[in-house]
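> Predicted structure and sequence below. I'll ask about it afterward.
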Amino acid sequence: MELNDKIYIAGHRGMLGSAIMRCLKKAGFTNIIHRTSSELDLRNTQQVAAFFASEKPQFVFLAAAKVGGILANNTYRAEFIFDNLMIQNNVIHQSYVSGVQKLMFFGSSCIYPKLAPQPIKESALLTGLLEPTNEPYAIAKIAGIKMCEAYRDQYNCNYVSVMPTNLYGPNDNYHPEHSHVLPALIRRFHEAKINNAAAVIIWGTGQPLREFLYVDDLAEAALLVMQKYHEKPFLNIGYGADISIRDLAKVIAKVVGYEGEIKFDASKPDGTPRKLMDSSAMFNLGWKPSIHLEDGIALAYADFIQNRTTNITS
């Protein structure tokens, strides 16, 4: 990519898209285009076709998606599969129609089987059953990967896919029902602190292991892949180490300054027991994460304090 190439970020106001925007601007890219969802509904085929026909971007970061935690995924199963399939289908196909030079599709670590061997290699895709609570979302993401591969095979499109681990950072979603575990815990511990709550109750046993990557680290990796990687196999992008939900809760409580009791409700679902990705292929390209988990959580909490009135919808 040249610094004046026309780059479209789909989902520029989300946590991932806004991080890509910051990364590109920091690197000196000057011709970045975007649209809000009210300006361009990516689920609408006609609107997306008209946008690509008129704007003709050269590079596309497909970071737009309907996302959420266990509760949202399990509650709005139809919306998660429909919205994500429509967004992906429209953006990927219209990128082909309009002659986009390169597209990057962002998947999710939930594409892998629930009981995949750890750390999870890219080759584990479609080797077992998915985690039931987020199966519709995972199937949509798998379809996006396979669509990029199919357009590469049939039309010789330079489309690549990357699989980020669990992301957190500025512009995260702190909704009590729709957020992922780390931002949800930031909000809950903050509210418990200001309300002097004696205890915070967390879903599950606290035993599942999860991997977390600061979103600006992911954006740096994505830029490297867009510039240097042109192969068919998709790439995992992770932190390289995991942590139990119990220990994560302790770290967040420490950062927030909550000193009450932490309790776990074992009657609630844990989800996948462990989800650590093998990111060795990405590391071999020359990228490594730079933000330590506790430091990243402190940055995320500062962003939450500054922007919580806009990031929390209820």
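Cool, the structure landed. Numbers count the residues shown, from 1 in each chain.
> Next secondary structure element downstream of the lowest-mean-pLDDT helix or strand in the chain?
Ranked by mean pLDDT, DSSP states H and E, the weakest helix or strand in the chain is helix 70-75, scoring a mean of 77. Note on helix 70-75: by DSSP states H and E, the next helix or strand toward the C-terminus is helix 77-98.
> And the helices in the chain, which stretches?
Secondary structure of the chain (DSSP state H): helices at 15-27, 45-55, 70-75, 77-98, 135-155, 181-194, 215-228, 245-256, 280-284, 293-311.
> looking at those, which is closest to residue 204?
Checking the helices of the chain against residue 204 by C-beta to C-beta gives helix 245-256 as the closest, at 6.5 Å. C-beta here means a position set from N, CA and C on the backbone, and glycine is covered the same way.
> Could you check that closest one and say which residues are buried?
Using 16 or more other C-beta atoms under 10 Å as the test for burial, helix 245-256 gives 245, 246, 248, 249, 251, 252, 253, 255, 256.
> Distance of residue 136 relative to residue 122?
Distance of residue 136 to residue 122, given as C-beta to C-beta, to the nearest Å: 22 Å.
> coming back round to it: give me the contacts around the least confident helix or strand of the chain.
80, 133, 134, 136, 137, 177, 178, 179, 181, 203, 269, 271 (C-beta atoms under 8 Å, 6 or more residues apart in numbering).
> Residue 212 versus the residue nearest to residue 69 when sequence neighbours are not counted, what's the distance?
Counting by C-beta to C-beta, 6 or more residues apart in numbering, the nearest residue to residue 69 once its immediate chain neighbours are dropped is residue 180, at 4.6 Å. To residue 212, residue 180 is 9 Å away according to C-beta to C-beta.
> okay, and the common contacts of these two?
166, 168.
> low-scoring pLDDT stretches of the stretch 151-300 of the chain, where are they?
Along the stretch 151-300 of the chain, segments meeting pLDDT under 70 span 177-178.
> Please repeat the previous calculation with a cut-off of 80.
Low-confidence segments of the stretch 151-300 of the chain, defined by pLDDT under 80: 176-179, 271-272.
> so where is the stretch 1-150 of the chain shaky, pLDDT-wise?
Within the stretch 1-150 of the chain, the segments meeting pLDDT under 80 span 68-73.
> buried stuff in the least confident helix or strand of the chain?
For helix 70-75, using 16+ other C-beta under 10 Å, the buried residues are 70, 71, 72, 73, 74.
> With only the CA atoms kept, save it in CSV.
The C-alpha coordinates for helix 70-75 follow below in CSV (Å, rounded to 0.1, in the frame of the first residue of the first chain):
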residue,chain,number,x,y,z
ILE,A,70,-22.0,-15.3,25.5
LEU,A,71,-25.4,-13.9,26.5
ALA,A,72,-25.9,-11.8,23.4
ASN,A,73,-24.7,-14.6,21.1
ASN,A,74,-27.0,-17.1,22.7
THR,A,75,-30.0,-14.8,22.8
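> what's the spacing between it and its chain's center?
Relative to its chain's centre, helix 70-75 lies at 16 Å (C-alpha atoms, centre = their mean, to the nearest Å).
> try stretch 85-101
Worked out by C-alpha atoms, centre = their mean, stretch 85-101 lies 20 Å from the chain centre.
> Could I get the buried residue list for it?
Buried residues in stretch 85-101, defined by neighbour count with 16+ other C-beta under 10 Å: 85-96, 98, 100.
> want to throw the residues you listed into a markdown table with distance to residue 229?
Formatted as a markdown table, the buried residues of stretch 85-101 follow (distance: C-beta to C-beta, whole Å):
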| residue | distance to residue 229 |
| --- | --- |
| 85 | 25 |
| 86 | 27 |
| 87 | 23 |
| 88 | 20 |
| 89 | 24 |
| 90 | 24 |
| 91 | 20 |
| 92 | 18 |
| 93 | 22 |
| 94 | 23 |
| 95 | 17 |
| 96 | 19 |
| 98 | 22 |
| 100 | 16 |
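> Closest to residue 149 out of those residues?
Nearest to residue 149 among those, with distances taken as C-beta to C-beta, is residue 92, at 10.8 Å.
> quick one: that closest one and residue 105 touch, right?
Yes - with contacts defined as C-beta atoms under 8 Å, residue 92 counts as touching residue 105 at a distance of 7.1 Å.
> Between those two, which contacts overlap?
Shared contacts of residue 92 and residue 105, counting by C-beta under 8 Å, 6+ apart, come down to 62, 144, 147, 148, 159.
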